[in-house]
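Colleague: Generate coordinates for the sequence data below:
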Amino acid sequence: MTAMTHVRPLPRMEGTFRFSTTETIKHAVLILGAVIVLIPFYVMVSYSMKSPSEIMTNTGGLFGAQELFRDDFCVKLGNAAEDCMVRPLIYNYTTAFEKAPLLLYLLNGVIVTLSIFAIQIVVALPCAYALAKLRWWGREAVFALVLFCLLIPVHAIALPLYIMLSKVGLTNTYAALIIPWTISVFGIFLMRQFFMTVPDDLIDAARMDGMSEYSIIWNVMLPTAIPALLAFGIFSVVAHWNDYFWPRIVITGNRDLFTPPLGLREFKGDADGDNFGPMMATATIIVTPLIVAFLLAQRRFIEGITLTGMK
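Modeller: Modelled structure (predicted):
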């Protein structure tokens, strides 16, 4: 008698098909969102390499024809027309540095953003540690106030801040650009969420070794918080590097303190749009350091954001 062989049925594929369809839809939505975000950058880089006529007629593709065109401003200075023929790429980027002290504006941006970030760390780490690892009366109420402060827009407090700085004579100074943002409630919240993931046993061991609470913050918690600090650093530097609203208010009479966004005002386009090329070249130069910094810290940035969401 021949033994009957048991044949296992093939697995059903419906679930896999639905999963693949869902993933396809998700990726399509993400790609669409990425395209929408990248279009302004595409236009910015493209315009920075085009002549005024190509910009106004929206021709020339990404890089432009790179044909010689006459610089009308050069002609107005009394130079011969043949001596004022330039290529768009060279003209736009050289004008970005010649028409305004762009290097000075970039240096101001570095000084302001790094100073704000450094002081924010000095303030945020002890506050976050106290909210996450210390037990004291009113802790939850203080944390609720931190969350409430996250809801207050900067425009709502801009006028009181300006009046206070004006009363003490700090307008048109580096202090006016730095002091109002040295306390970051977002930084406190982000670091508190990260510190909640640090085991209490690590802190108890440090206390048993005789370390003070401040020593624990700077010698134990700080090294463990590097991913979260990098994530917060990206948010902080990008926000204050690109800030136009606040510097425009407090820096009015000292051109030497202009930050990079204020430097774009030097290239305000006229009715014929002749300044659009140098303006876009300046914007490209201003954005490039942020893109490079993010690409270098991308892995740590994602790691920091992920860890701050863990319990």
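Colleague: So what's the residue count around the nearest residue to residue 97 once chain neighbours are set aside?
Modeller: Of all residues not flanking residue 97 in the chain, residue 103 sits nearest, at 7.0 Å (Cβ to Cβ, 6 or more residues apart in numbering). For glycine as for every other residue, the C-beta is placed from the backbone atoms N, C-alpha and C. For residue 103, the neighbour count with other Cβ atoms under 10 Å is 10.
Colleague: Residue 42 now?
Modeller: 11.
Colleague: Which strand or helix spans the residue nearest to residue 97?
Modeller: Element membership for residue 103 (DSSP states H and E) is helix 102-133.
Colleague: Enumerate the positions of stretch 192-204 that are buried.
Modeller: Judged by neighbour count (16 or more other Cβ atoms under 10 Å), stretch 192-204 contains these buried residues: 192, 193, 194, 195, 198, 203.
Colleague: Can you tell me, leaving aside adjacent residues, what's nearest to the fourth one?
Modeller: Translated: residue 195. Per Cβ to Cβ, 6+ apart, closest to residue 195 is residue 132, 3.7 Å.
Colleague: pretty sure the one you found contacts residue 196?
Modeller: Yes. Counting by Cβ atoms under 8 Å, residue 132 touches residue 196, with 5.1 Å between them.
Colleague: picking that back up, which strands or helices does the helix holding residue 103 pack on?
Modeller: Helix 102-133 is packed against helix 139-149, helix 174-178, helix 185-195, helix 213-216, helix 226-241, helix 260-263, helix 276-296, with contacts defined by 3 or more Cβ pairs under 8 Å, 6 or more residues apart in numbering; DSSP states H and E.
Colleague: Just the buried residues of it, please?
Modeller: Neighbour counts over helix 102-133 (16+ other Cβ under 10 Å) mark 102, 105-106, 108-109, 112-117, 119-121, 124-133 as buried.
Colleague: do stretch 240-260 as well
Modeller: Buried residues in stretch 240-260, counted by 16+ other Cβ under 10 Å: 240, 241, 243, 246, 247, 250, 251, 255, 257, 258, 259, 260.
Colleague: hmm, back to that, who touches the residue nearest to residue 195 in this structure?
Modeller: Contacts for residue 132 (Cβ atoms under 8 Å, 6 or more residues apart in numbering) come out as 192, 195, 196, 198.
Colleague: Now render the residues you listed as JSON lines, adding distance to residue 67 and pLDDT.
Modeller: Formatted as JSON lines, those follow (distance: Cβ to Cβ, whole Å; pLDDT from 0 to 100):
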{"residue": "192", "distance to residue 67": "57", "pLDDT": "91"}
{"residue": "195", "distance to residue 67": "59", "pLDDT": "89"}
{"residue": "196", "distance to residue 67": "60", "pLDDT": "88"}
{"residue": "198", "distance to residue 67": "61", "pLDDT": "85"}
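Colleague: and of the residues you listed, the nearest to residue 20?
Modeller: residue 196 (36.7 Å; Cβ to Cβ).
Colleague: do you know how far the closest one is from residue 248?
Modeller: 38 Å (Cβ to Cβ, to the nearest Å).
Colleague: cool, residue 157 as well?
Modeller: 16 Å.
Colleague: Surely residue 263 and residue 283 touch.
Modeller: No. Contact status for residue 263 versus residue 283: not in contact, 9.7 Å apart, counting by Cβ under 8 Å.
Colleague: Skip ahead from the regular element (helix or strand) spanning residue 37 and say which helix or strand is next.
Modeller: Counting by DSSP H and E, the element that carries residue 37 is helix 14-47. Per DSSP H and E, the first helix or strand lying C-terminal to helix 14-47 is helix 52-57.
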